[in-house]
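In: coords please:
(one chain, ligands or ions: 1)
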Amino acid sequence: MDKFRIKGPVQLKGVVNISGSKNAALPILFASLLIDELVEIKNIPKLKDINITIKLLLELGVKIKNGKSLKINASHLYKNYNLPKNLIQSIRASIWLVSPLLVRFKKINLFLPGGCSIGKRPIDLHIKNLKKLGANINIKNNYIIASIDKNFKGSHIIMEKNSVGATINIILAAIYAYNITTIDNASKEPEIKDLINFLNTMGANIKGAGTNKIIIKGVLKLKGGIYTIMDDRIETGTFLIAAAISKGNILCKNTNPKNLGIVLKKLKSAGAEIKTGKDWCSINMTYRKLKAVNIITGPYPNFPTDMQPQFTLLNCIALGKSIVTETVFENRFLHIHELIKMGANIFKKNNKIFCKGVKSLYSAKIKATDLRASVSLVLAGCIATGITIINNINYIDRGYEDIENKLISLGANITRIKNNKI
Ligand code: EPZ
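Out: Coordinates of the predicted model:
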């Protein structure tokens, strides 16, 4: 695993172009398995999780031309029942193979998906609701064994708890299903709205994007077309935090601030000056005092769990006490131990992180444990006094396109030490 060597403290300021959204691109790539014509997808971020997804699609016989955009043709698939376990297990998103492959192959035998170490990541809501749509599906010896007769059957689904992943699998199963599928208490993250917009662009019949009630009328066929992925709102939020904690000012371009409502509100409460436009947002923290702010994560439009480690870092060096409550993942706290090594005054009790702001952090040898924790540690290294070494930094490559160069262009002093040089 590579390391980062980061020298701090620095002030981060300048302009950054936001990349396409990982969490919109992944379901859209798997959804392309449902289309037997050429699909061209633009603004796909260059990330490890995307590369793994492309490898899985190639293993299935999908024709892919990777250039400025991704040209995908899934018209001829081989019934590959032995997709490489290491690929399937390395990303959570491989769970979105289930519905498209059941539609195409009528039966599957897939290893369980992987994902970050932020929680158990069960798939009971996927299993239960695909059964309601007519799938015969179970988990046996770490494999998802499933089959459907001819097609899924439309049904009325009431999600007992919010699940982005399960909502997506149900949508993908319902596209060609007999009759109508209604999902009540559906997740309404902007990434799901982007997936629905993609599918409707290709001829699907889905109503209720961005709401808790999604209605899918089965269609006979989707057609090919061109689609541009939305921007990555979590990357935007991460760079806004980078400016806030380093007393800098950053303009994020190619990003829709409407998808970050509560994050911008909380940054304003923390004392930041925030400006927004149609496709940009900026933060100015120079000569301003950073104040501690309580946050509670939750399903959209609540505070995004994927921004929790970054905002926890902000509270570590803000004036005053604060409480960060994590309600989505049971183990999204692995960054705390590392931040304490850098002088943070925080502790965890149940699903709450109690923070007491300190004047500054000091450098240390720390390790990344999952995607969003690793980026909060990189930002911590940028503001800590001295040289911080972060191990296991490959986690960050899963979700942030070209992160070190983007941070260097904003004034960071970061060197990637390839593991073969250690
Ligand atoms: C997606 O994960 C995202 N990943 C996550 O982003 C994001 O944090 C999460 O949604 C919540 O917004 C991708 O899009 C690839 P869930 P997902 O199903 O679908 C429990 C990142 O950093 N649950 O909404 O796995 C689950 O354990 C990643 O980019 C069940 O109990 O999230 C969790 O506690 C991290 N049973 C909660 O629901 C199930 O069958 C929310 O999970 C499914 C989920």
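In: any idea which helix or strand carries the residue in the chain positioned nearest to the ligand?
Out: In the chain, no residue comes nearer to the ligand than Gly165, which is 2.7 Å away by CB to the nearest ligand atom. Where you see a C-beta, it was placed from the backbone N, CA and C, and this is true even at glycine. Assessed by DSSP states H and E, Gly165 sits inside helix 164-174.
In: stretch 304-318 and the ligand in contact?
Out: Yes: under the criterion of CB under 6 Å from any ligand atom, the ligand is reached by stretch 304-318 at Thr305, Asp306.
In: that older thread, got the angle for the helix or strand just after the helix holding Gly165 vs helix 164-174?
Out: Per DSSP H and E, the first helix or strand lying C-terminal to helix 164-174 is strand 180-184. Interaxial angle, strand 180-184 versus helix 164-174 (axes from the mean of the first three to the mean of the last three CA atoms, to 10 degrees): 170 degrees.
In: phi, psi of the residue nearest to Lys161 when sequence neighbours are not counted?
Out: Leaving aside its sequence neighbours, Lys161 sits nearest to Leu125 (CB to CB, 6 or more residues apart in numbering; 7.0 Å). Phi and psi for Leu125, reported as degrees, to the nearest 10, are phi -70, psi -30.
In: list the contacts for Leu125?
Out: Going by CB atoms under 8 Å, 6 or more residues apart in numbering, Leu125 touches Met159, Glu160, Lys161, Ser163, Gly165, Ala166.
In: okay, among these, which ones form the most distant pair?
Out: For these, the farthest-apart pair by CB to CB is Glu160 and Gly165; their separation is 14.4 Å.
In: so between those two, which is more surrounded?
Out: Taking neighbours as other CB atoms under 10 Å, Glu160 and Gly165 compare with Gly165 leading, 19 against 11.
In: ok, back up a step: show me what the helix holding Gly165 packs onto, helices and strands only.
Out: On a contact count with 3 or more CB pairs under 8 Å, 6 or more residues apart in numbering; DSSP states H and E, helix 164-174 meets helix 22-31, helix 98-105, helix 124-132, strand 180-184, helix 190-201, strand 213-217.
In: how about a cut-off of 10 Å?
Out: When contacts are defined as 3 or more CB pairs under 10 Å, 6 or more residues apart in numbering; DSSP states H and E, helix 164-174 sits against helix 22-31, helix 98-105, helix 124-132, strand 156-158, strand 180-184, helix 190-201, strand 213-217.
In: tell me how far the ends of stretch 129-139 are from each other?
Out: End-to-end distance for stretch 129-139: 14 Å, by CA to CA, to the nearest Å.
In: buried residues in that stretch, which are they?
Out: Buried residues in stretch 129-139, counted by 16 or more other CB atoms under 10 Å: Asn129, Leu130, Lys132, Leu133, Gly134, Ala135, Ile137.
In: give the buried residues for stretch 314-334.
Out: Judged by neighbour count using 16+ other CB under 10 Å, the buried positions of stretch 314-334 are 314-318, 322, 324, 326-329, 332-334.
In: what about those residues, which are in strands?
Out: Those of the buried residues of stretch 314-334 mapping onto strands are Ser322, Val324, per DSSP state E.
In: re earlier: redo the buried residues of stretch 129-139 as JSON lines? Include distance to Ile54 and pLDDT.
Out: Shown next, in JSON lines, are the buried residues of stretch 129-139 (distance: CB to CB, whole Å; pLDDT from 0 to 100):
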{"residue": "Asn129", "distance to Ile54": "28", "pLDDT": "98"}
{"residue": "Leu130", "distance to Ile54": "25", "pLDDT": "98"}
{"residue": "Lys132", "distance to Ile54": "31", "pLDDT": "98"}
{"residue": "Leu133", "distance to Ile54": "28", "pLDDT": "98"}
{"residue": "Gly134", "distance to Ile54": "30", "pLDDT": "98"}
{"residue": "Ala135", "distance to Ile54": "26", "pLDDT": "98"}
{"residue": "Ile137", "distance to Ile54": "26", "pLDDT": "97"}
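In: distance between the helix or strand bottoming out on mean pLDDT in the chain and the chain's centre?
Out: Taking mean pLDDT, DSSP states H and E as the measure, the chain has helix 394-397 as its least confident helix or strand, at a mean of 91. Put simply, helix 394-397 sits 13 Å off its chain's centre (CA atoms, centre = their mean, to the nearest Å).
In: same question for stretch 114-123.
Out: Relative to its chain's centre, stretch 114-123 lies at 13 Å (CA atoms, centre = their mean).
In: and the helix or strand just after the least confident helix or strand of the chain, how far from the chain's centre?
Out: Moving toward the C-terminus from helix 394-397, the next helix or strand (DSSP H and E) is helix 403-409. In terms of CA atoms, centre = their mean, the gap separating the centre of helix 403-409 from the centre of its chain is 20 Å.
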